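In: predicted structure and sequence below. I'll ask about it afterward.
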Amino acid sequence: MSAGWTPSLTVREIGHRCRLSLDGVSWGDGDTLQEAADDLVARLRTTALTLRTNGWNVPATFGPPDVHVLSFLCELGELAARGEDIRERVLGFAGERV
């Protein structure tokens with residue numbers, strides 16, 4: 001696992017569902033924490049690969065991106081492009097899907 005910066009994870013209950021947020025970056029929802037983690041990892045993979053393919057296409061009026069977040073997403077994009085699972089980098093442990 002890389003020693004790079006990682007946003008903090010937050011877990012909340014919304015209704016009867018679980019939301020796992022990677023603060024300032026993305027979130028995942030599910031009926032269980034496992035489903036929320038799967039959703040978060042899938043969203044981040046899509047975002048990171050899109051960023052890798054298309055670059056940063058946000059209007060200048062939004063201001064510059066957070067360098068830490070952009071670097072984190074670029075790192076995830078590199079891992080995903082090599083066919084690696086980004087789960088360990090995102091969650092801090094590999095874990096097995098249930």
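Out: Looks like it arrived, so ask away. Residues are numbered from 1 along each chain as shown.

In: from residue 51, how far off is the residue most central in space within the chain?
Out: Among the residues of the chain, the one closest to the centroid is residue 44, at 3.5 Å (CA atoms, centre = their mean). Per CB to CB, to the nearest Å, residue 44 is found 10 Å from residue 51. Heads up, the C-betas are built off the backbone N, CA and C, glycines and all.

In: what residues are shared contacts of these two?
Out: residue 73 (CB atoms under 8 Å, 6 or more residues apart in numbering).

In: on the three-state scheme, residue 29 is what?
Out: strand (DSSP: H, G, I helix; E, B strand; the rest coil).

In: who does it form a beta bridge with?
Out: On the basis of DSSP bridges, residue 29 is bridged to residue 19.

In: show the model's pLDDT score for it.
Out: As predicted, residue 29 sits at a pLDDT of 97.

In: residue 58 too?
Out: 80.

In: can I assume it is in contact with residue 65?
Out: Yes - the pair residue 58 / residue 65 is scored as a contact, 7.0 Å apart, by CB atoms under 8 Å.

In: between the two, point out the one with more neighbours.
Out: Counted by other CB atoms under 10 Å, residue 58 and residue 65 do not tie: residue 65 has more neighbours, with 13 against 10.
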